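Here is my input, please return the structure:
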Amino acid sequence: MHNIELTYHLKNIDAVALDVFKHLKSKIILFNGEMGAGKTTFINALLKTMDSGDIATSPTFSIVNEYTLPNDKIFHFDFYRIETIEEAYNFGVEDYLYSEHWLFIEWPDRIEQLLPENAQTITITKIDNNTRSLKLTINEKLLTENNAMTDSKF
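Numbers count the residues shown, from 1 in each chain. Coordinates of the predicted model:
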């Protein structure tokens, strides 16, 4: 695994989202962080970077929100309320996981055994009200000599 670690002020979140986006090698992104760390806020910045006109909101109660991109979709999950894998199966999580659309997943540990190996992880830690630490973990199996840390393949 390879990690990229950044500390940023919230006023610079859009620039950080653009930088992180350039390093994504998978369309499945797992977001870790405590409640209130800024996962959905960062997802909103990624939506801007990806030219979506949508505004990210936490799907805590709906479980999944859908956002549009010029040539694709993003499914934004929040599994905080999921208590069993059966609950995830009941709403068809497998169809989403193999849809080839973007998946942004908050609280992925709740469905860990269902997640494909090609997922990348973003961990956000709140330092203070305006400052966050972000760690992007890249599975080195997703990198090749030709694309290692240079261009996004999407």
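
where are the low-confidence patches of this structure?
139-154 (pLDDT under 70).

burial count for residue 114?
13 (other C-beta atoms under 10 Å). C-beta here means a position set from N, CA and C on the backbone, and glycine is covered the same way.

That one: what's it in contact with?
By C-beta atoms under 8 Å, 6 or more residues apart in numbering, the residues touching residue 114 are 85, 88, 93, 94, 97.

let's see 7 Å
85, 88, 93, 97 (C-beta atoms under 7 Å, 6 or more residues apart in numbering).

Apart from its neighbours in sequence, what residue is nearest the second one?
What that stands for is residue 88. Among residues not flanking residue 88 along the chain, residue 111 sits closest, at 4.9 Å (C-beta to C-beta, 6 or more residues apart in numbering).

Off-centre distance for stretch 28-43?
Chain-centre distance of stretch 28-43: 7 Å, with C-alpha atoms, centre = their mean, to the nearest Å.
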